[in-house]
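K.L.:
predicted model, plus sequence, below.
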Amino acid sequence: MIGPATKTSPLATKLISNKGPIDAEITLKENKHVGKMILRGSLSEKKFVTSTKKHLSQQFPASPNSFYDDNKVRVIWLGPDEWLILSDAAELDSLKDNLTRALIKSHSALVDVSDNSTIVEIKGRYSREILMKGCSLDIHPSVFQTGCSAQIDLGLANIILLKTADEPIYQIIVRASFASYLWDWLVDAAHEFKVRIEK
Amino acid sequence: MSSQRFRLKEAGRLDRNAPLKFKFDGKIYEGFRGDTLASALLANGVHLVGRSFKYHRPRGHLGIGAVEANALIQVGDGNSTEPNVRASQVEIYDGLVASSQNRWPSLLFDLGAVNDLLGGLIPAGFYYKTFMWPRKWWMKYEYFIRRAAGLGKAPTGRDPDRYEKMHAHCDILIVGAGPAGLAAALAASKTGARVIIADDQQTFGGSLNMDTDCYINDKTTVDWGKDVVTTLEGLPDVTMLPNTTVSGYYEQNYLTLLETTKPHSFKSTIQQTRHRLWKVRAKQVILATGMIERPLVFANNDRPGIMLSSAIREYINKYGVTPGQNPLIFTNNDDAYRTAITMRQHNINVVAIVDIRENPNSELFRQAREMKIPVHVGSAVVTTKGYSRIKSATIMKLSSDGKTLTGGRRILGCDCLAMSGGWNPAIHLFSQSGGKVKWNHELATFIPGGATQNVLAIGGCNGAADLAKSLKEGLKAGISAARLSGNKGHPPATPSVQEPVQSATRFVLPIPTQKNKFVSEKVFIDFQNDVTLSDIQLASREGYNSVEHLKRYTTVGMGTDQGKTSNVNALMLLSQILDCEPEQVGYTTFRPPYAPTTIGAYAGRNIGNLFSPVRTTAINRWHEEAGARFEHVGQWMRAWYYPKANETMRQAVDREVTAARTNIGILDASTLGKIDIQGPDAAEFLNRVYTNAWLKLLPGTSRYGLMLKEDGMVMDDGVTTCIKENHYHMTTTTGGAASVLEWLEEWLQTEWPNLKVYLTSVTEQWAVAAICGPKSRELLQELCTDIDLSDKAFPFMGYREGTVAGIKARIFRISFTGELSFEINVPRSYGLSLWQKLLDVGKKYEICPYGTEAMHVLRAEKGFIIVGQETDGTVTPVDLGMDWIISKTKPDFIGKRALSRKDIIKADRKQLVGLLTDNATDILPEGSQIVEEVLPKPPMSMIGHVTSSYFSPNCGRPIAMALIKSGRDRMGQTVYIPLKNKPIAATITSVNFLDSVSK
């Protein structure tokens, strides 16, 4: 009688099917169910740094307000002792377990926050213009370059903004309960452009 | 329909192949694409467009662009109508509807004009002096005064137009796209700098579009301007904003710009953006705002047809329209000769030039003479005639000191008068930026002095009267601002300029009036606020000698116009009266906005469903489909109750409350704040932030805690669970989630940096279904096979991890209802799936979803508090009767010291008690005041108030909680709740209703 449990993403009701022209100026989609965890720890603790480099990524840590991709994970700097790690959902548990074991002796914390937020991707030639309607940060490509991240408000929602490529593509990490507002905000802000929504 | 009688055959940058029809005061007129409402009305010979503010005198077009003080128009109809729009800033379109303002019953016959005859009775300060007594009547007076003084009318309904905001950053923001601004943009852009250039006109170029007698690099000024615009348009990092008024200049080079994104189109079905409010952060700002022509101050200088000379030249050269066929020119400088010559070149019969100067001597003067334009030197216009439009002007000779009139009168017929009284730099934004202004003797005006931000004033704004200087300053400023903002480059070559050389100005202020008149004639200083010369003199006689007092007493420089054409004349007059230098008189402070800004632009898109984010849980879709009614809890939208067909709220809530105590209820508790706490000092940390003891909490168990502020008042509450050693899961109230996390982080980072604790918000990581009621264990048993759910193995306040409906879950055996209850946490993405499974399987147990209202009733039946309902920031745990939760043995916790303060331990503080109404059908309104004794009317001394009140189906009667002075000492006493209709009597009881009240 009980079927298997199913996952529902925060924007499931907004994304019933593909919509909008192929030659869209703006494309919006949700990167559903990406594995995420928060890593806390002190860079002054040698053991923490070496373990993290070994089990997470050689490039660890990241410079302030930036992120990098390495070894199938994305490491986003959130604060001097806080990082957000993104990975394939399927691989998150083993990554977390390995890291937890390696960090057992150092004061640190690893928390699975995969469902705490979701990721919205906006791409297309007018992406920056749309973000400029609700984000007070200077996101000109000469300033907010590929690999830059920021914790900022977009409209009335707090987000983490990532510039993921040299082309006008941005990823927006938004808390799950704000996702619906943010989506409506983006669609509204894009009203004068040809918009495509990808399921 | 009127023909465009005053349209010139040539000239103007209009699309003459695109005629457009519009309506003004009910009459249809024709104009061309590219016309403003002002230019199109002028083309049709319409000068009378409004009535003045106080005297209701007929008024026409005075200036052009933002400078217009008179021609304020109501544009559009219905809810998108906008009042007080300058006719010179409305681009016309087919079907535009506009009307004049401040007149009744019609523009030509306005009853309010009686004020003009009574003018002597209503001088400056009239309202302040007259309507002082009796004091109480002010509210009545005000109503009529406001009606009489109204400018336009605001719409009453919802604004159907769309407004947006835009955030931008740049190296250089250039304000004004005249010669100086364009030169600056050209120089700056060549360095690769990020440039924004804004101009309030539709077409870039400013004075380039009207100075047809000048040449730059042997090109016409218009062509040179077009070339620069073309160059700039090709650059990706140059943003060009026509139709954009820079309206505010704030700290740290933060400026606001109002862009009109297209000609006003008031068709409400099309949701096109009408205005865009730009918020710009600029490393450098260049102000190239140009100059504003100054009116001459003479009797009856406000009649329709009397206009600023430069505005007339602009109407001719930009719009191919002449404001008159028989114009008279009145000037104190050479520039107005250019207007006369331009008009003559278009075969317009220039009646004469009246020049205040005794010996004008310049190429322009000779040129005018050669064109056979009569010039009356050393003369002045002393008065004018004409009601709805000027018909004639009287001219007389001026004495050599300019203070008296000599010789005979001469009356010249005319249909338009071009006046030029010199030039004022548009220093408004410079002043807003915090810059100081200084007096310039040669120009007899204020120019920018010392700057306090990264700003440069150039060209006309800096007092440069000629084109060559403006261009030179522009190029220099462009390159220096580019370098200061980190770009490299060299200035382009300075272009060669041909322009007429101008000689000196003679300032005579005011023009003397004729003495032999029965009625003194009005000499206007401020056209928009109807401030006259005699008002300024009166104000000074009455002691208002400071500029700030003068402004407030006479209203000079107020209104939508903010003194663009009047301020300098008023200040010069004041300085003459006080016999000092204008510099000593000083200048009133300019405040944003430079020009009126639509309120909608400030709201932007934060309206309707985007007004505030609506936060929803993973289970929201199910609640919606189940027909739940919702309530807002902070930004969250929570299911309030689930009415079945025809059920009232009370019936639905009663059913839900009963089910939760007899079968199973299920609540979406996902919104509770959740914080993951890890680290070797986590227990010590909890021990300090909660009032009770936390050091010995074992893994797999939970504890309820209260958090206090330093002042001992309850701040938040919740259950915290030890997941495993050094790892805790804290819950907070829904509303307190963010503030509690910030509070805890602050203590960790600033007070206890030595504690090894990390906090992570996991509020949204978990979806929570709380099942409650005697059959909840049976239900959970069916879906969860890997946990022993027996009371012994999984006792109250226990915590277990396992699998529920195939989903990895965290289960807390805690209860906010007093019933057997399990709170099942699963990752948010599985929340909906878990909920549906619990309901499917729960069917046979008659599971009943309940909302927040039932939750409130259930907890109140047991006397459990809700922080924010029973507490309001002034309530201690002792007040709540929760002494048991305050550790007596801990060395310290936040708020501990405050709890021993004298005021906190006194006996007559308000204490939480239960209230049972004597009549078992009365439900007390929450928030009601409580008294010991009912008097016939207030005031009565109040001893407390009702904090929570419900009908309790499980008690079979209403129950209420209240904070009452010395409440615990009053058990069994009767108190009264004086409501409007009748007082209600109630008895003070314990708060645990379920156990104390028998059904």
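P.N.:
Great, that's in hand.
K.L.:
for the longest helix belonging to chain A, name the packing helices and strands.
P.N.:
Criterion DSSP state H: the longest helix present in chain A is helix A:89-102. With contacts taken as 3 or more Cβ pairs under 8 Å, 6 or more residues apart in numbering or on different chains; DSSP states H and E, helix A:89-102 sits against strand A:35-41, helix A:46-55, strand A:108-112. Glycine gets a C-beta too; all of them are placed from N, C-alpha and C.
K.L.:
output the ones you listed as a markdown table; include the columns mean neighbour count, distance to chain B and mean pLDDT.
P.N.:
Below are those laid out as a markdown table (neighbours: other Cβ atoms under 10 Å in any protein chain shown; distance: least, Cβ to the nearest Cβ, whole Å; pLDDT from 0 to 100):
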| stretch | mean neighbour count | distance to chain B | mean pLDDT |
| --- | --- | --- | --- |
| strand A:35-41 | 23 | 4 | 97 |
| helix A:46-55 | 17 | 12 | 94 |
| strand A:108-112 | 22 | 4 | 97 |
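K.L.:
need these in CSV (columns: distance to B:E251).
P.N.:
Formatted as CSV, the helices and strands packed on helix A:89-102 follow (distance: least, Cβ to Cβ, whole Å):
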stretch, distance to B:E251
strand A:35-41, 36
helix A:46-55, 41
strand A:108-112, 40
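K.L.:
figure out which of those is closest to B:T203.
P.N.:
Checking those against B:T203 by Cβ to Cβ gives strand A:35-41 as the closest, at 52.1 Å.
K.L.:
can you list the domains in chain A?
P.N.:
A:26-32+A:116-198, A:35-112 (automatic domain parsing).
K.L.:
looking at these, which is buried most?
P.N.:
Using mean count of other Cβ atoms under 10 Å in any protein chain shown, the stretch among the domains of chain A with the largest mean neighbour count is domain A:26-32+A:116-198, at a mean of 20.
K.L.:
tell me where the model's unsure across chain A.
P.N.:
Scanning chain A for pLDDT under 70 picks out A:1-3.
K.L.:
doesn't B:K896 make contact with B:K890?
P.N.:
Yes: contact criterion Cβ atoms under 8 Å: B:K890 and B:K896 qualify, at 7.5 Å.
K.L.:
for the domains of chain A, which one sits closest to B:I811?
P.N.:
domain A:35-112 (17.3 Å).
K.L.:
ok and the longest helix of chain A relative to strand A:108-112, angle-wise?
P.N.:
Interaxial angle of helix A:89-102 relative to strand A:108-112 (axes from the mean of the first three to the mean of the last three Cα atoms, to 10 degrees): 160 degrees.
K.L.:
what is the mean pLDDT for stretch B:772-792?
P.N.:
The average pLDDT within stretch B:772-792 is 96.
K.L.:
and the nearest residue to B:T532 once chain neighbours are set aside, what is it in contact with?
P.N.:
Leaving out its chain neighbours, the residue that sits closest to B:T532 by Cβ to Cβ, 6 or more residues apart in numbering or on different chains is B:K522, at 5.0 Å. Residues near B:K522 by Cβ atoms under 8 Å, 6 or more residues apart in numbering or on different chains: B:55, B:57, B:119, B:299-300, B:302, B:532, B:534.
K.L.:
separation between B:K522 and B:I356?
P.N.:
With distances taken as Cβ to Cβ, to the nearest Å, B:K522 is found 20 Å from B:I356.
K.L.:
just the endpoints, please. Distance across stretch B:662-674?
P.N.:
The first and last residues of stretch B:662-674 sit 30 Å apart, counting by Cα to Cα, to the nearest Å.
K.L.:
using PDB, write out every CA atom in stretch B:456-474.
P.N.:
Provided in PDB are the C-alpha atoms of stretch B:456-474 (Å, rounded to 0.1, in the frame of the first residue of the first chain):
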ATOM      1  CA  LEU B 456      33.100  68.100 -10.400                       C
ATOM      2  CA  ALA B 457      30.800  70.900 -11.600                       C
ATOM      3  CA  ILE B 458      31.600  71.900 -15.200                       C
ATOM      4  CA  GLY B 459      30.300  74.100 -18.000                       C
ATOM      5  CA  GLY B 460      27.200  76.200 -17.300                       C
ATOM      6  CA  CYS B 461      26.800  74.500 -13.900                       C
ATOM      7  CA  ASN B 462      30.200  76.000 -13.000                       C
ATOM      8  CA  GLY B 463      29.400  79.400 -14.400                       C
ATOM      9  CA  ALA B 464      30.900  78.900 -17.900                       C
ATOM     10  CA  ALA B 465      28.800  81.200 -20.100                       C
ATOM     11  CA  ASP B 466      30.300  80.200 -23.400                       C
ATOM     12  CA  LEU B 467      30.400  77.000 -25.500                       C
ATOM     13  CA  ALA B 468      34.200  76.900 -25.900                       C
ATOM     14  CA  LYS B 469      34.800  77.000 -22.100                       C
ATOM     15  CA  SER B 470      32.100  74.300 -21.600                       C
ATOM     16  CA  LEU B 471      33.600  71.900 -24.000                       C
ATOM     17  CA  LYS B 472      37.100  72.500 -22.600                       C
ATOM     18  CA  GLU B 473      35.900  71.900 -19.000                       C
ATOM     19  CA  GLY B 474      34.000  68.900 -20.200                       C
END
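K.L.:
now do it: distance to the chain's middle.
P.N.:
Between the centre of stretch B:456-474 and the centre of its chain there are 33 Å (Cα atoms, centre = their mean, to the nearest Å).
K.L.:
with stretch B:242-253 instead?
P.N.:
The chain centroid and the centroid of stretch B:242-253 are separated by 14 Å, computed with Cα atoms, centre = their mean.
K.L.:
cool, and stretch B:813-827?
P.N.:
46 Å.
K.L.:
how long is that stretch from one end to the other?
P.N.:
Start-to-end, stretch B:813-827 (Cα to Cα) is 18 Å.
K.L.:
repeat that for stretch B:301-311.
P.N.:
End-to-end for stretch B:301-311, by Cα to Cα: 16 Å.
K.L.:
show me the contacts for the closest residue to chain A within the stretch 151-300 of chain B.
P.N.:
Here the stretch 151-300 of chain B gets closest to chain A at one residue, B:H169, 3.8 Å apart by Cβ to the nearest Cβ. B:H169 is in contact with A:138, A:140, A:143, B:194, B:280-282, counting by Cβ under 8 Å, 6+ apart.
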